[in-house]
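J.: Need coordinates for the following:
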Amino acid sequence: MRIVRSCHPEVTIILPKEKIQVRAGDDVRALIAPYVAIIRRALDEGKVGKWHGTSSDCCVKQVRRILNHYFHFYPGSITEPELHVMIEDMLYVHKVR
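T.: A predicted model of the protein is given here:
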């Protein structure tokens with residue numbers, strides 16, 4: 001891993017122990033809001049990737065999949081339906097920036 005990271009700084013490798021740990025009682029919205037904003041902006045611009053669908057459900061699932069690379073949600077921190085609604089709210093209602 002160190003060789004890949006030193007020789008290829010453009011490659012991002014996140015090991016499971018390096019993920020942001022989200023535990024019960026943490027403010028999940030405050031933790032994920034900046035990431036959701038960055039992901040949305042990157043996918044809107046199409047420079048890094050693109051949206052795989054236009055429905056809100058498709059977009060939320062895609063953001064959720066990307067968030068799983070950066071966060072480890074412990075049981076009791078947030079339920080799947082609550083997280084789905086929170087991401088959808090950030091993507092479409094408040095337009096987190």
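
J.: Quick check: closest non-adjacent residue to V36.
T.: M90 (4.7 Å; C-beta to C-beta, 6 or more residues apart in numbering). (C-beta placed from N, C-alpha, C; glycine too.)

J.: just checking, next helix/strand downstream of the longest helix seen in the chain?
T.: Longest helix in the chain by number of residues (criterion: DSSP state H): helix 28-45. On the C-terminal side of helix 28-45, the closest following helix or strand by DSSP states H and E is helix 56-70.

J.: elements contacting that following helix?
T.: The contact analysis (3 or more C-beta pairs under 8 Å, 6 or more residues apart in numbering; DSSP states H and E) places helix 56-70 against helix 28-45, helix 80-92.

J.: Report the buried residues of the first one.
T.: When neighbours are counted by 16 or more other C-beta atoms under 10 Å, the buried residues of helix 28-45 are found to be V28, L31, I32, A33, Y35, V36, A37, I39, R40, L43.
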